[in-house]
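A.B. asks: below are the sequence and a predicted model for it; my questions follow.
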Amino acid sequence: MRVEHILRTKESRVVAVRTTATVAEAIQLMKAENVSALLVKEVCRTEGNTLAGVLSERDIVHALLERGSSLLPMPVSQLMTRAPITCAPSDSLHHALHLMDRHHIRHLPVLDDGHLVGVVSARDFTKLQLQELSAAEPLPASPTLHLH
């Protein structure tokens, strides 16, 4: 199975922020969208879907420990992971998982010929595994709750 399979089965919308957004704005977006990482894009319109970096909850927590709340007005470009590890839609799921494990990351941007086409996360792999397990072994029926 390939990374493109996961991309086809999930929402295609990628939650991204511009490099000029503040860390506080990024945190608000993460909360509103219920995501634990944002893809960071350049402001320049000619860049299109070019990936500048990734900003994760882990990046924010580590920076909070070092700098405290003074990091909130900083642009995400100062905090993001530049040149993040990426994969291609044609890569095997095994390869993608190997990259995530080796680099201790939970989000993997997917680039097709240098253009951002999506992101796969540990949650996507968990969901896929759960679907496969459910198909092989359905969950037992829930017991009926009787109230007296």
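C.D. replies: In hand now; what should we look at? No experiment lies behind these values; they were computed from the predicted model shown.

A.B. asks: okay, now the closest residue to residue 84 other than its chain neighbours: neighbour count?
C.D. replies: Of all residues not flanking residue 84 in the chain, residue 54 sits nearest, at 4.4 Å (C-beta to C-beta, 6 or more residues apart in numbering). From N, CA and C alone the C-beta is placed, and that goes for glycine too. Residues contacting residue 54 under the criterion other C-beta atoms under 10 Å number 24.

A.B. asks: repeat for the one 4 residues further on
C.D. replies: Applying other C-beta under 10 Å, we find 14 residues neighbouring residue 58.

A.B. asks: which residues are in contact with residue 103?
C.D. replies: residue 85 (C-beta atoms under 8 Å, 6 or more residues apart in numbering).

A.B. asks: returning to that earlier point: was I right about the residue nearest to residue 84 contacting residue 80?
C.D. replies: Yes: contact status for residue 54 versus residue 80: in contact at 6.2 Å, counting by C-beta atoms under 8 Å.

A.B. asks: what touches both of those two?
C.D. replies: Joint contacts of residue 54 and residue 80 (C-beta under 8 Å, 6+ apart) are residue 40.

A.B. asks: nearest residue to the residue most central in space within the chain other than its sequence neighbours?
C.D. replies: The chain has residue 107 as the residue nearest its centroid, 3.9 Å off, counting by C-alpha atoms, centre = their mean. Nearest non-adjacent residue to residue 107, counting by C-beta to C-beta, 6+ apart: residue 37, 4.2 Å away.

A.B. asks: quick one, phi psi at that neighbour?
C.D. replies: Residue 37 adopts backbone torsions of phi -160, psi 150, taken as degrees, to the nearest 10.

A.B. asks: from residue 51, how far off is it?
C.D. replies: 12 Å (C-beta to C-beta, to the nearest Å).

A.B. asks: over to residue 123?
C.D. replies: With C-beta to C-beta as the criterion, residue 123 and residue 51 are 20 Å apart.

A.B. asks: same check on residue 31?
C.D. replies: 22 Å.

A.B. asks: higher neighbour count, these two?
C.D. replies: Neighbours per residue (other C-beta under 10 Å) separate residue 31 from residue 51, with residue 51 holding more: 23 against 9.
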